[in-house]
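**Q** sequence-free structure coming up:
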């Protein structure tokens, strides 16, 4: 089916159709451009979303929860997915949009040429028709003039009064008109034959060729659209395998979430290592009555008065439940003594591992420098061995410093784990959970009970003088079972007591035995008894009566 034979008389409609085809091609090109812009914007928004949700903290502060790690894996996969969307946009812009823009310009130029050829052929045919029509009108006009001349001649010829000269004149006029009519007839016939030939040539040769070219052009345009549709899909299909891997990575990340592991991490992160608080003892305030009434009366046994008043203890515990509330803030100390035992042990072990790694690096550097020094000594032309000596000395100094740090941290770690070893000086911090001992009244060392008497007026326990001296003169001091902080100042005027000032920190070497006195040791090694209610006591792990709020 050819446009040249089937649509020989539809030049105007074909002109409109080809223009519509180009307009449609331009509309699809605009669609591809907008789709490319959408892909670019989508990829950019995805990357911004990933960047917004990526962790901004240092690597060592990253959450270790499997749910967090899986989420960060999903963010990485989403970032790769965004990269594939950028690939789609770039390929669409290069292979589809760019090609369509170039082809549209070529199509417009080709259509213009074909339409100009069609108009030129039509104009030539119209010119031939005008010439033929003019010759026809001339022939018609000459025929009418000839008829008039013949009628005039016949009239004069039949008139008896007409002279011979009039007859001859009319006859000559008729002859002239007849001759002009014959010439017009011949010219008209020639123009008619020429027009018919040109018309035949126009509609059976020129126009079919022009219309066939327009048909080929339009079919190529349609085929180009088909190829563009396919190329559009091929661009998407090429990235599907990588996108599928991204999606599979997200699924694998989702399956790697382990709720049990996360629960274990919570335990490892917040476990303090303290024992749960024991039951509150019964405090018998009627002992004084029983003793005054009768010595034979069976009184309630003394209880461990080192326990805190329940109301007071609960009041102090407010704000310390920092597993699900606010964690107390305080200055970090070098030995991590502000942390609970379990957390302190983990931090110390972590630091020891880091120091060991640094030490190994220094050892490797020392070995390398020594080897280089040997090479320089054997081959002086390669370098001066003495130039390496400062670096070697610096490395040895760093190694010694790291070894000292490791020994110090190992001593602290040994202290936390309860093994015999050197205990480093520890500074208490406000982060430690305290057990406050503030009873309203206590039994005095002599056995009498005085609820209103101030604590400093009571005497300390009176041990055997020799036993007392042995304890204080022993070369191996008693191990500390905890530490305390003075809530009030105490002058310690009585023998065996220990003076202290408010806020002073001391080691606990013997707990309160129910007499209201606790044995403590200062940082300088001085030991003695202090009023239990005057200090804020914290017992170490595994110590009897330790109270910890988690």
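**A** That came in fine, so what should we check first? No experiment lies behind these values; they were computed from the predicted model shown.
**Q** and the nearest residue to residue 510 once chain neighbours are set aside, which helix or strand is it part of?
**A** Once flanking residues are discounted, residue 510 sits nearest to residue 519: 3.5 Å by Cβ to Cβ, 6 or more residues apart in numbering. In short, each C-beta sits where N, CA and C put it, glycine included. Taking DSSP states H and E as the definition, residue 519 sits inside strand 517-521.
**Q** how far is that strand from where the chain is centred?
**A** When distances are taken as Cα atoms, centre = their mean, to the nearest Å, strand 517-521 is centred 56 Å away from the chain's centroid.
**Q** stretch 512-530 too?
**A** 57 Å.
**Q** coming back round to it: for the strand holding residue 519, packing partners?
**A** Here strand 517-521 touches strand 505-510, strand 527-531, strand 535-539, going by 3 or more Cβ pairs under 8 Å, 6 or more residues apart in numbering; DSSP states H and E.
**Q** report the buried residues of the second one.
**A** Right, strand 527-531. The neighbour-count check on strand 527-531 (16 or more other Cβ atoms under 10 Å) flags 527-531 as buried.
**Q** picking up where we left off before, compile the helices and strands packed on strand 517-521 into TSV and extend it with columns for mean pLDDT and distance to residue 253.
**A** Output for the helices and strands packed on strand 517-521, formatted as TSV (pLDDT from 0 to 100; distance: least, Cβ to Cβ, whole Å):
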stretch	mean pLDDT	distance to residue 253
strand 505-510	90	49
strand 527-531	90	58
strand 535-539	88	43
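**Q** between those strands, which one is nearest to residue 85?
**A** strand 535-539 (58.3 Å; Cβ to Cβ).
**Q** who are the packing partners of the closest one?
**A** Short answer (3+ Cβ pairs under 8 Å, 6+ apart): strand 535-539 packs on strand 435-436, strand 482-486, strand 505-510, strand 517-521.
**Q** so which of the ones you listed is the most packed in?
**A** Most buried of these, by mean neighbour count (mean count of other Cβ atoms under 10 Å): strand 517-521, with a mean of 24.
**Q** tell me the mean pLDDT for that one?
**A** Summarised as a single mean, pLDDT over strand 517-521 is 90.
**Q** now do the SS call for the closest residue to residue 95 other than its chain neighbours.
**A** The shortest distance from residue 95 to any residue other than its chain neighbours is 5.5 Å, reached at residue 231 (Cβ to Cβ, 6+ apart). At residue 231, secondary structure determined by DSSP: H, G, I helix; E, B strand; the rest coil is helix.
**Q** next up, the contacts around residue 231.
**A** Residue 231 makes contacts with 95-96, 99, as judged by Cβ atoms under 8 Å, 6 or more residues apart in numbering.
**Q** related to what we said a few turns ago, out of the buried residues of strand 527-531, who's nearest residue 218?
**A** Using Cβ to Cβ, those come closest to residue 218 at residue 530, 106.6 Å.
**Q** my guess is the closest one contacts residue 501. True?
**A** No - using Cβ atoms under 8 Å, residue 530 is not in contact with residue 501, being 11.4 Å away.
**Q** what residues are shared contacts of the two?
**A** Taking Cβ under 8 Å, 6+ apart as the contact rule, the neighbours common to residue 530 and residue 501 are residue 486.
**Q** follow-up on the earlier one: pick the one among the buried residues of strand 527-531 closest to residue 130.
**A** Closest approach between those and residue 130, by Cβ to Cβ: residue 530, at 133.9 Å.
**Q** so what's that closest one up against?
**A** Residue 530 neighbours (Cβ under 8 Å, 6+ apart): 484, 486, 490, 492, 497-498, 500, 506, 517-518, 520.
**Q** adding distance to residue 239 as columns, could you present the residues you listed in a markdown table?
**A** Shown next, in a markdown table, are the contacts of residue 530 (distance: Cβ to Cβ, whole Å):
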| residue | distance to residue 239 |
| --- | --- |
| 484 | 68 |
| 486 | 71 |
| 490 | 78 |
| 492 | 82 |
| 497 | 83 |
| 498 | 78 |
| 500 | 75 |
| 506 | 70 |
| 517 | 80 |
| 518 | 74 |
| 520 | 73 |
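**Q** just for the stretch 451-550 of the chain, where's the confidence low?
**A** Residue ranges of the stretch 451-550 of the chain with pLDDT under 70: 451-477, 541-550.
**Q** tell me the contacts of the closest residue in space to residue 75 that isn't next to it in sequence?
**A** Spatial nearest neighbour of residue 75, excluding adjacent residues (Cβ to Cβ, 6+ apart): residue 50 at 4.9 Å. Going by Cβ under 8 Å, 6+ apart, residue 50 touches 75-76, 78-79, 82.
**Q** switch the cut-off to 10 Å
**A** Applying Cβ atoms under 10 Å, 6 or more residues apart in numbering, we find residue 50 in contact with 72, 74-82.
**Q** same thing with residue 238?
**A** So residue 238 contacts 84, 87-88, 91 (Cβ under 10 Å, 6+ apart).
**Q** which elements pack onto the longest helix along the chain?
**A** Identified as the longest helix of the chain according to DSSP state H is helix 98-158. Judged by 3 or more Cβ pairs under 10 Å, 6 or more residues apart in numbering; DSSP states H and E, the packing partners of helix 98-158 are helix 11-53, helix 164-201, helix 207-255.
**Q** quick one: the helices in the stretch 251-400 of the chain?
**A** 259-270, 287-293, 310-317, 341-378, 389-417 (DSSP state H, counting those that start in this stretch).
**Q** mean pLDDT for those helices - can I get that in a markdown table?
**A** Below are the helices of the stretch 251-400 of the chain laid out as a markdown table (pLDDT from 0 to 100):
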| stretch | mean pLDDT |
| --- | --- |
| helix 259-270 | 87 |
| helix 287-293 | 57 |
| helix 310-317 | 38 |
| helix 341-378 | 87 |
| helix 389-417 | 89 |
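**Q** just put those helices in a markdown table and tack on mean neighbour count and distance to residue 178.
**A** Below are these laid out as a markdown table (neighbours: other Cβ atoms under 10 Å; distance: least, Cβ to Cβ, whole Å):
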| stretch | mean neighbour count | distance to residue 178 |
| --- | --- | --- |
| helix 259-270 | 12 | 122 |
| helix 287-293 | 14 | 170 |
| helix 310-317 | 14 | 142 |
| helix 341-378 | 15 | 129 |
| helix 389-417 | 16 | 133 |
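**Q** distance to residue 44 for the ones you listed - can I get that in CSV?
**A** Shown next, in CSV, are those (distance: least, Cβ to Cβ, whole Å):
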stretch, distance to residue 44
helix 259-270, 34
helix 287-293, 80
helix 310-317, 52
helix 341-378, 40
helix 389-417, 48
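**Q** with respect to residue 65, which of these lies nearest?
**A** Going by Cβ to Cβ, the one of the helices of the stretch 251-400 of the chain nearest residue 65 is helix 259-270, 4.7 Å.
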